[in-house]
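**Q** Whatever this is, show me its structure:
(one chain, ligands or ions: 1)
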Amino acid sequence: MNTELLLLTGSLLIVLLYRLYRIGSRDSTLPPGPPTVPLLGNIHMFPTRSIHLKFSEWARQYGDFYSLKIGPQTFIILSSAKAVKEFLDMRGPSTSDRLAAYIPEQVHEGNSLVFGRYGERWKLMRKTVHAILTPTSVEETYPIQFAESVQLLHDLLHDPKSHFQHVRRLSASIVFSVLYGKRVPRYESYDSDATSIFDLLHSEEHLFLPGAQLPVDIFPFLKYLPEGPLAPWKKKCKDLKGLHQNVYFASLQQCKDRIDRGESVGCFMEQVLERYQKEFGLTWQEVGYIGGTLLQGGIDTSASLLQLLIMMLSCNSEIQRKAQEEIDRVIGHDRIPQRDDIKNLPYIQAIIKEVCRFSPPIPFGVPHATIRDEEYRGYIVPKGSAVFQNQWGILHDPETFENPDQFWPDRYLLTKYGTKPGVDDSSFRDNIIFGAGRRICPGIQTANLSLTINVTNLLWAFTYSKAKDPLTGFEIPIDPSKMANGFVLSPLPFECSIQPRNQKIAGLIHDHFVDAIDVFKQYEGALQQEDKEHVAQVRSHLV
Ligand code: HEM
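**A** Next up is the predicted model:
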């Protein structure tokens, strides 16, 4: 009997040890990837910085469809337009989930459009977003987008050194205005929506980034660690939830109050409250998160592209010269660019595409998750795998792009997608930086409109160069590889010189800023007292 028990225990132990040993190992049915070690899989080699660069390095070694094991969890990395098209675009219904992630769940409670699981709630929220962000309704935001862009020019004219903050203000103000009918007139707005939204974005990034916290999803016992030094995320989750309440729900409440007073301004969240909340049966919590996730999706991403543009122009006088030659020929110096000009500005279009290619704001995508086992290229991707779109790897692949690490807009004059002549580009599409499948970014039109207006205006108005050290007179170098380490790839603050191209243009910026006041006023009803005073003071100097 004792011997039998011993044998049984021994066998169970062997099975258990074998199972433990298998955790982290790669099944032969999975696509290849870097060698794994028992239990950890590839955790020990998972990068903590610049994940996109490591993903791209591995893509060169293991191909455009490879796997990583993060403990028992499978990660699939797609690093070609073909793999993204075939795996995410064409298999949308089965590859549109997000991972069941414990930490984001603690914060959003399943209400986030970005991180929420693929299910009825997500579908309703997404349907609401499609109902408000139609191509026509986005076009109707042109007057406020244009006016905000004029404020950017005005800010740069008077305070070029703070270009970084001016761009952030612009992008926060556009999104706040179109969503909540309330603009952000200055970066430091008191108790500010702009400042707290940036706090919110960055604390969320640092909390949710793969590798940023202990792997609670992989080793669930970690959930039970007490709040404190061992489990710092617990307090961070609470703080972040508090920030959501401040930012998302305070702004939503202002929309509701305006509706109740009969003073609607027609912004998107008012439309949700007035119509879609009832039509689609949404709770107040869900409506709050719809606005909040749109806000979050749209601010840092759009700002990062304009910051990168200013950086690249400061380093590339020849590109600037070509762009301004085109603008001078088509628009001249007697008027500011208008909506339709872009059709006649192929080089500016190429610059916009190159900015997006050179520095895709979400360089490894927001990971999708598979809803069932998926067979692809003879491999089986198990249900529940995380699927990353390695956009950086796709757009910096030397087999596809000539000198991919060089900022060179001319590539888009040679071929439609900027690929090397002769390369098969049939799997490429516009807007690849906006993701794929059913989760594709719903803010594409808003972002594209903003990019078009601002890239054209910035090139029409100013000349950019490296700043000079006032003591030595030497140029202050700019290092384009210095990027913020988060979900969003954005340049770190840098110094540069921004000069108006001539006095006539400076005068036109001033005149248009005066004209913009009428548009701004519609979005200034809910400003804080300090912001109202700031706005009044700026305007008192305008004659
Ligand atoms: C240049 C600017 C932008 C870029 C590069 C960008 C990129 C992306 C990417 C890559 C995703 C993930 C898509 C996927 O999972 O496949 C995404 C999702 C999302 N974006 Fe954007 N985005 C931008 C601007 C905006 C704007 C302006 C808004 C709002 C007005 C927005 C709202 C969202 C939302 C709500 C999601 C989540 C969609 C879902 O999971 O169903 N984004 N974006």
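**Q** in the stretch 251-400 of the chain, which spans are strands?
**A** All strands of the stretch 251-400 of the chain, identified by DSSP state E, counting those that start in this stretch, fall at 368-369, 374-376, 379-381, 386-389.
**Q** As CSV, the ones you listed with distance to the ligand, mean pLDDT and mean neighbour count would be great.
**A** Backbone N, C-alpha and C define where each C-beta goes, glycine included. CSV is the format used below for the strands of the stretch 251-400 of the chain (distance: least, C-beta to the nearest ligand atom, whole Å; pLDDT from 0 to 100; neighbours: other C-beta atoms under 10 Å):
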stretch, distance to the ligand, mean pLDDT, mean neighbour count
strand 368-369, 6, 98, 24
strand 374-376, 16, 97, 14
strand 379-381, 16, 98, 19
strand 386-389, 6, 98, 25
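**Q** would TSV of those with distance to Gln349 be doable?
**A** Formatted as TSV, the strands of the stretch 251-400 of the chain follow (distance: least, C-beta to C-beta, whole Å):
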stretch	distance to Gln349
strand 368-369	30
strand 374-376	34
strand 379-381	37
strand 386-389	24
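**Q** Any idea which of those strands gets closest to Pro143?
**A** Relative to Pro143, the nearest member of the strands of the stretch 251-400 of the chain by C-beta to C-beta is strand 386-389, separated by 34.3 Å.
**Q** Summarise which helices and strands that closest one is packed against.
**A** strand 73-78, strand 368-369 (3 or more C-beta pairs under 8 Å, 6 or more residues apart in numbering; DSSP states H and E).
**Q** Reformat the ones you listed as a markdown table; add distance to Ile433.
**A** Conversion of the helices and strands packed on strand 386-389 to a markdown table gives the following (distance: least, C-beta to C-beta, whole Å):
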| stretch | distance to Ile433 |
| --- | --- |
| strand 73-78 | 14 |
| strand 368-369 | 16 |
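**Q** who wins for proximity to Leu113 among these?
**A** In terms of C-beta to C-beta, the element of these nearest to Leu113 is strand 368-369, at 14.0 Å.
**Q** Please name every helix or strand in contact with that closest one.
**A** Partner elements for strand 368-369 (3+ C-beta pairs under 8 Å, 6+ apart): strand 386-389.
**Q** hmm, who's touching the strand it packs on?
**A** 55, 73-78, 84, 87-88, 95, 99, 364-365, 367-370, 381, 435-436 (C-beta atoms under 8 Å, 6 or more residues apart in numbering).
**Q** and if you look at stretch 295-307?
**A** Under C-beta under 8 Å, 6+ apart, the answer for stretch 295-307 is 113-114, 163-164, 167-168, 170-172, 174-176, 179, 197-198, 200-201, 204, 247-248, 355-356, 359, 361-362, 441-443, 446-447, 450-451, 454-455, 458, 488-491.
**Q** Also near the ligand: which of these, exactly?
**A** With C-beta under 6 Å from any ligand atom as the criterion, these include Leu113, Val114, Val175, Pro361, Ile362, Cys441, Pro442, Gly443, Thr446, Ala447 near the ligand.
**Q** three-state assignment of the first one?
**A** Following DSSP: H, G, I helix; E, B strand; the rest coil, the label given to Leu113 is coil.
**Q** Tell me how far the spatially closest residue to it that is not a sequence neighbour lies from Gln537.
**A** What sits nearest to Leu113 in space, not counting adjacent residues and going by C-beta to C-beta, 6 or more residues apart in numbering, is Thr293, at 4.1 Å. Relative to Gln537, Thr293 is positioned 35 Å away (C-beta to C-beta, to the nearest Å).
**Q** of those two, who's got more company?
**A** Thr293 (22 against 9; other C-beta atoms under 10 Å).
**Q** contacting residues around the more buried one?
**A** Thr293 makes contact with Ser112, Leu113, Val114, according to C-beta under 8 Å, 6+ apart.
**Q** Return the residues of the protein in contact with the ligand.
**A** Within the chain, the positions near the ligand by C-beta under 6 Å from any ligand atom are 113-114, 126, 175, 293-294, 297-298, 301-302, 305, 361-362, 365-366, 368, 433-436, 439-443, 446-447.
**Q** What residue in the stretch 101-250 of the chain comes nearest to the ligand?
**A** When distances are taken as C-beta to the nearest ligand atom, the stretch 101-250 of the chain reaches nearest to the ligand at Val114, 4.1 Å away.
**Q** From what I see, that residue and His368 are in contact.
**A** No - using C-beta atoms under 8 Å, Val114 makes no contact with His368, being 11.7 Å away.
**Q** so what sits against both of these two?
**A** Common contacts of Val114 and His368, defined by C-beta under 8 Å, 6+ apart, comprise Arg98.
**Q** hang on, the earlier thing: for the residue of the stretch 101-250 of the chain closest to the ligand, what are its contacts?
**A** Contacts of Val114 were listed using C-beta under 8 Å, 6+ apart, and they are Arg98, Thr293, Gln296, Gly297, Val366.
**Q** Pop out the phi and psi values for the residue lying closest to Ala81 once chain neighbours are set aside.
**A** Ranked by C-beta to C-beta, 6+ apart and with sequence neighbours excluded, the top spatial neighbour of Ala81 is Ser427, at 4.1 Å. Backbone geometry at Ser427, expressed as degrees, to the nearest 10, gives phi -90, psi -10.
**Q** Surely Ser427 and Leu78 touch.
**A** No - assessed by C-beta under 8 Å, Ser427 is found out of contact with Leu78, at 11.2 Å.
**Q** residues shared between the contacts of those two?
**A** Val84.
**Q** Compare the two (neighbour count), which wins?
**A** Leu78 (29 against 16).
**Q** quick one: the more buried one and Leu88 touch, right?
**A** Yes - applying C-beta under 8 Å as the test, Leu78 and Leu88 come out as touching, 7.1 Å apart.
**Q** longest helix anywhere in this protein?
**A** Identified as the longest helix of the chain according to DSSP state H is helix 284-315.
**Q** and it, which residues are buried?
**A** For helix 284-315, the neighbour count (16 or more other C-beta atoms under 10 Å) marks 286-315 as buried.
**Q** Let me see the mean pLDDT of it.
**A** In this model, helix 284-315 has a mean pLDDT of 94.
**Q** Just give me how far it sits from the chain centre.
**A** Distance of helix 284-315 from its chain centroid, counting by C-alpha atoms, centre = their mean, to the nearest Å, is 6 Å.
**Q** what number of residues lie near Leu209?
**A** Applying other C-beta under 10 Å, we find 15 residues neighbouring Leu209.
**Q** for the one 10 residues further on, same thing?
**A** Taking other C-beta under 10 Å as the neighbour definition, Phe219 ends up with a count of 12.
**Q** With Leu156 instead?
**A** Neighbours around Leu156, by other C-beta under 10 Å: 24.
**Q** Just to check, it is in contact with Phe462?
**A** Yes - if you go by C-beta under 8 Å, Leu156 and Phe462 touch, sitting 6.4 Å apart.
**Q** one step back: nearest to Ser67, out of the strands of the stretch 251-400 of the chain?
**A** Closest to Ser67 of the strands of the stretch 251-400 of the chain, according to C-beta to C-beta: strand 379-381, at 8.0 Å.
**Q** what residues does the closest one touch?
**A** The contact list for strand 379-381, computed with C-beta under 8 Å, 6+ apart, reads 27, 29-31, 65, 67, 74, 76, 370, 373-375, 387.
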